[in-house]
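Asker: give me a 3D structure for the following:
(2 chains)
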Protein chains: 2
Amino acid sequence: MNIDKILMTPGPTNVPTRVLNKMAENMIHHRTDEFGNIFKEFNERLKYVFKTDNTVLTFPSSGTGGLEASIVNMFSRKDKVLVVSIGVFGDRFAEIARMYDIEVDKLDVPWGKGVELKEIESRLTDEHKALIITHNETSTGANNDIQKIGNFMKNKKQLYIVDAVSSLGAIEVRMDDWNIDVLVSGSQKALMSPPGLSFIAVSEKGWEFNKRSDIPKYYFDFKKAKDRMDNELPQTPYTPAVSLITGTNEALKMIQEEGIDNVCKRHERLACMFREGIKDMGLEFFVDEKYQSNTVTSIKMENKAVDIKRIMEEEFNIVIAAGQGKLKNEIIRIGHLGCVDEEMINRTLGALKQAVKKI
Amino acid sequence: MNIDKILMTPGPTNVPTRVLNKMAENMIHHRTDEFGNIFKEFNERLKYVFKTDNTVLTFPSSGTGGLEASIVNMFSRKDKVLVVSIGVFGDRFAEIARMYDIEVDKLDVPWGKGVELKEIESRLTDEHKALIITHNETSTGANNDIQKIGNFMKNKKQLYIVDAVSSLGAIEVRMDDWNIDVLVSGSQKALMSPPGLSFIAVSEKGWEFNKRSDIPKYYFDFKKAKDRMDNELPQTPYTPAVSLITGTNEALKMIQEEGIDNVCKRHERLACMFREGIKDMGLEFFVDEKYQSNTVTSIKMENKAVDIKRIMEEEFNIVIAAGQGKLKNEIIRIGHLGCVDEEMINRTLGALKQAVKKI
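Answerer: Predicted coordinates for the structure are as follows:
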């Protein structure tokens, strides 16, 4: 078959040629004005996508490193937090917090659903130092309404920490308008870039929490990173992943050219189109309509998920994902985020139809 | 001027076209056999360069992340260690250990020198859990004789931890023969790849220490990383930096083609050639001949280092480094590691001669 392999997974996603070519340019030394100027531009673009005036910090790490960084920089041992979990990544955030001796109240929502604001209202108390939540849960394909929750969090003394690793750049996120104090994301999802960078923005309130944090940290130290960002030309305390930054900078430029609001509308349109196709095939969604994500759709495939995934890759050159954790062989997850268009959606639907028939 | 900009810094170094092109290939999903097979090959190549049978772990992070990882995975709070420092990176290793509540005995060697074995012999006691040392100190251009020290460390109960970030792949390192328990390196120096990956190999004795370590860790957890490496096809617990791995894999292939021993000989030959040229110009080395590094040469430039660096870049398209810390304006540091050849050495010597004349 002559058609290129495409990634229709919840990430890493397809990387546009413009981004790949940028990464193939000669290496730049990071302690030069040349890099400083690129990094300055890059940071401004991240702020545009985050919809924030806060500084966005960049670390060479996976998204999980970014989650850990937000825990060790914001809290002190024995602090108590409320973690909302609607799947694997919510569970992981809670697990990281516990690892650092933080008392975790966990609000577990059945997988396949998002949380209801009233559940948070009844669980969040003065004892909690923060509300921690996943925006888009990659493991199930469900969303939390972080805007509605953000309105509720306005003027609260607790921090509002959002994992937007698999939503930012695809589903609307407005850090400042929605009162988010710590927003974590990564390069390899909707930002159309290779994995290896995590991004974290911190509000003024977040920086106050950072001052009292007593958990040891070195590589992920926010304060040190921020101090180097405040240079005339921004820098990082330790060697940055230069080529991933120049690559992601190009991807961010593409998002700016299309306009972030248009990018989100495109994701919504393609997600609707994909879901219509799935309904037409008579397949069943794992997630209730109300909570369905515009970046990843999970489809019930009882005991067949792993086989379907294999056929899609081997026979149609389309990489999709099976379930995670307890859902391993129960659902397939198809990503439609980042560098996607109608043609890719149609090709995926066509292939899936044939794969299902084969089983 | 039409000549391409070259990096003659202690890192990041020039990335060969073969490596750049590899990174410009379409993204691969990490949870596939395709990636598993590449990663398996990659790990075998790392073992070849490390000269070890131990598993080499890979993290998306800078070298500093790798140093931190080796501390939090090997020790418990209140452990006592002996850290040899001959410059900025030795100081950093000590600082990281202290951050994690480890008692640090610091053996400070005057900058510009390496440590003498007898100093270690007289300082290392039964109270110490480890000897921690930098192989090649990027900030000064001095080496420690880690082979000689390794012979002394044989059958000792203490761990022998070596930072080989700026030596591995250029100056001989034999992890197993030299009794090294934890060896840390990175992608952006002699391994001719972009920054963003750290590599860490751990001996059997190291894994015993890991079992009793009580310092919290999540992203950098060695045990979790090792468990995923022991799969039939190796994996990582969290999303790996796929394109940096495929790129570095190509660089490791180039090193294998040349042969690691030949690569080290080439570095020695080019370093001698460079030092001869510096002597001919009548310039003075910062480091005593006995300790001079084959990857970076530091040259005294009292109060002129920053200007020389600027002229070299602006007028000759050659990026070099000034001093670090207290040596900022006192020395220039010229890297000759990774993707370097005679022509680049000659071009750098020629440019430096003219730059010095101008001042």
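Asker: please report phi then psi for residue A:143.
Answerer: Backbone dihedrals for residue A:143, given as degrees, to the nearest 10, come out at phi -110, psi 150.
Asker: how many neighbours does it have?
Answerer: Here the number of neighbours of residue A:143 (other CB atoms under 10 Å in any protein chain shown) works out to 24. No exception for glycine: its C-beta is placed from N, CA and C like everyone else's.
Asker: got the contact list for it?
Answerer: Applying CB atoms under 8 Å, 6 or more residues apart in numbering or on different chains to residue A:143 gives the contacts A:114, A:135, A:136, A:137, A:167, A:171, A:291, A:292, A:293, A:294.
Asker: who's it bridged to?
Answerer: residue A:136 (DSSP bridges).
Asker: closest one of the contacts of residue A:143 to residue B:305?
Answerer: Minimum distance to residue B:305 across the contacts of residue A:143 is 46.8 Å, recorded for residue A:167 (CB to CB).
Asker: mind pulling up the pLDDT for the closest one?
Answerer: With respect to pLDDT, residue A:167 scores 98.
Asker: please pick the buried ones from the contacts of residue A:143.
Answerer: Among the contacts of residue A:143, those classed as buried by 16 or more other CB atoms under 10 Å in any protein chain shown are A:114, A:135, A:136, A:137, A:167, A:171, A:291, A:292, A:293, A:294.
Asker: hmm, residue A:149 and the first one touching each other?
Answerer: No - proximity of residue A:114 to residue A:149 does not meet the contact threshold set by CB atoms under 8 Å, at 9.9 Å.
Asker: near residue A:313, how many other residues are there?
Answerer: Residues near residue A:313, counting by other CB under 10 Å, number 19.
Asker: buried sites along the longest helix anywhere in chain A?
Answerer: The longest helix of chain A (DSSP state H) is helix A:260-280. Residues A:260, A:263, A:264, A:266, A:267, A:270, A:271, A:274, A:275, A:277, A:278 are the ones in helix A:260-280 that count as buried (16+ other CB under 10 Å).
Asker: and the fourth one, how far from chain B?
Answerer: In other words, residue A:266. According to CB to the nearest CB, to the nearest Å, residue A:266 and chain B sit 20 Å apart.
Asker: grab the nearest non-local neighbour of that residue.
Answerer: Spatial nearest neighbour of residue A:266, excluding adjacent residues (CB to CB, 6 or more residues apart in numbering or on different chains): residue A:258 at 7.5 Å.
Asker: quick one, phi psi at the one you found?
Answerer: Recorded main-chain torsions at residue A:258 are phi -80, psi -30, according to degrees, to the nearest 10.
Asker: quick revisit: just put the buried residues of helix A:260-280 in CSV and tack on pLDDT.
Answerer: CSV is the format used below for the buried residues of helix A:260-280 (pLDDT from 0 to 100):
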residue, pLDDT
A:260, 98
A:263, 98
A:264, 98
A:266, 98
A:267, 98
A:270, 98
A:271, 98
A:274, 98
A:275, 98
A:277, 98
A:278, 98
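Asker: just curious, which of those is nearest to residue B:313?
Answerer: Using CB to CB, residue A:260 is the member of these that sits closest to residue B:313, with 35.8 Å.
Asker: what sits against the closest one?
Answerer: Neighbouring residues of residue A:260 by CB under 8 Å, 6+ apart: A:48, A:49, A:51, A:169.
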